[in-house]
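> how would this look folded up:
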Amino acid sequence: VHRLSYGSFYDLKSLASSLLKPTIRFDDDEKLNWLKIKSIRFSKNVMDGEPQMAVKYSHTEEFKMADASTRRQRGRPNTPWKPLYDSLLPISVAKKADLLSLCQQKLIPVEFHAWIQSLPTGETVVEAESSVSGDDNDDDEQPLAMFKR
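So this is what the prediction gives:
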């Protein structure tokens, strides 16, 4: 078991946007639209061996040449990994109360009690709906709390 803290999660979206080449452009500096491509052709330039990419947006137009070279920098870029969260995420008051009641019933090991008591709560935290029900009987004997007014 590997225990993770909130600092163990990193913002990979910002890391990917800083490392990946955002767009490919045609020779006339127009951006390549990948969703509109009807035909694509790859080849190597005879003179310098650089890859070339030719694209058509419709079958009736001529191929447009796009820059397909990789142009990589030497070595790996030094991009810092930013943490995804700056602090612990709050849980709902109801969830914390449930956890504390499990602690009182000694269903949660004693070494976790202090950590559970220190969890931050938030009034605006929205609970995810559970898809697991306690019983297989779908009778209307116990109305759901969300339908009470």
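> Okay, and the beta partners of the nearest residue to Ile37 once chain neighbours are set aside?
In this structure, Ile37 finds its nearest non-sequential neighbour in Val55, 5.6 Å apart by CB to CB, 6 or more residues apart in numbering. (Glycine included, C-beta is placed from N, CA and C.) Applying DSSP bridges to Val55 gives these bridge partners: Ile40, Lys64.
> Val55 is in contact with Leu32, isn't it?
Yes. Taking CB atoms under 8 Å as the definition, Val55 is a contact partner of Leu32 at 6.5 Å.
> list the contacts for the residue sitting furthest away from the middle of the chain?
The centre of the chain is farthest from one residue, Met47, which by CA atoms, centre = their mean lies 42.6 Å away. Under the criterion of CB atoms under 8 Å, 6 or more residues apart in numbering, Met47 has no neighbours.
> And it, how far from Ala54?
16 Å (CB to CB, to the nearest Å).
> Next: His113.
From His113 to Ala54 the distance is 66 Å (CB to CB).
> what do you get for Gly7?
47 Å.
> The two: which has the busier surroundings?
Ala54 (16 against 12; other CB atoms under 10 Å).
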